[in-house]
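Student: any chance you could fold what I've pasted below:
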Amino acid sequence: MHNEYTFDPYPLQVTMQRMAENLKTRRLEKKLSTKSLSAMSGVPASTIQRFELKHVISLESYVKLAKALGYAEEMMNLLSEPKYDTMEELLEINRNRTRRRGV
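Tutor: Numbering: from 1, shown residues only. Now for the predicted structure:
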């Protein structure tokens, strides 16, 4: 069930900026340069720098960076649980658990 009235307090650019800030914070906490994180993850240092400055990155590169920083479990759990706002929506989710295709 799609709720067309859902308010999104986080526009895409805000979300991407926060993700970049979080990655940079985790990198600096571990005292890693972009070059050393690049070596650990296989993601070019220029890609890391672009993400931290312009907030643009491919999903594959982001996952590689997250895993290199020790967040493999968190990546595996992303979207693993259903989100719902009403009991009706939860019931609909439970009815659709075995679906193989959309509408």
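
Student: ok, then the element right after the top helix by length along the chain?
Tutor: Selection of the longest helix in the chain by residue count, based on DSSP state H, yields helix 12-29. Using DSSP states H and E, the next helix or strand after helix 12-29 towards the C-terminus is helix 34-41.

Student: pull out the buried positions in that next one.
Tutor: Residues of helix 34-41 classed as buried: 34, 37-38, 41 (neighbour count, 16 or more other Cβ atoms under 10 Å). Where you see a C-beta, it was placed from the backbone N, CA and C, and this is true even at glycine.

Student: ok so, going back, the longest helix of the chain - contacts with which helices or strands?
Tutor: On a contact count with 3 or more Cβ pairs under 8 Å, 6 or more residues apart in numbering; DSSP states H and E, helix 12-29 meets helix 45-54, helix 59-68.

Student: coming back round to it: between the buried residues of helix 34-41, which is nearest Leu90?
Tutor: Leu90 has its nearest neighbour among the buried residues of helix 34-41 in Ser41, at 37.6 Å by Cβ to Cβ.
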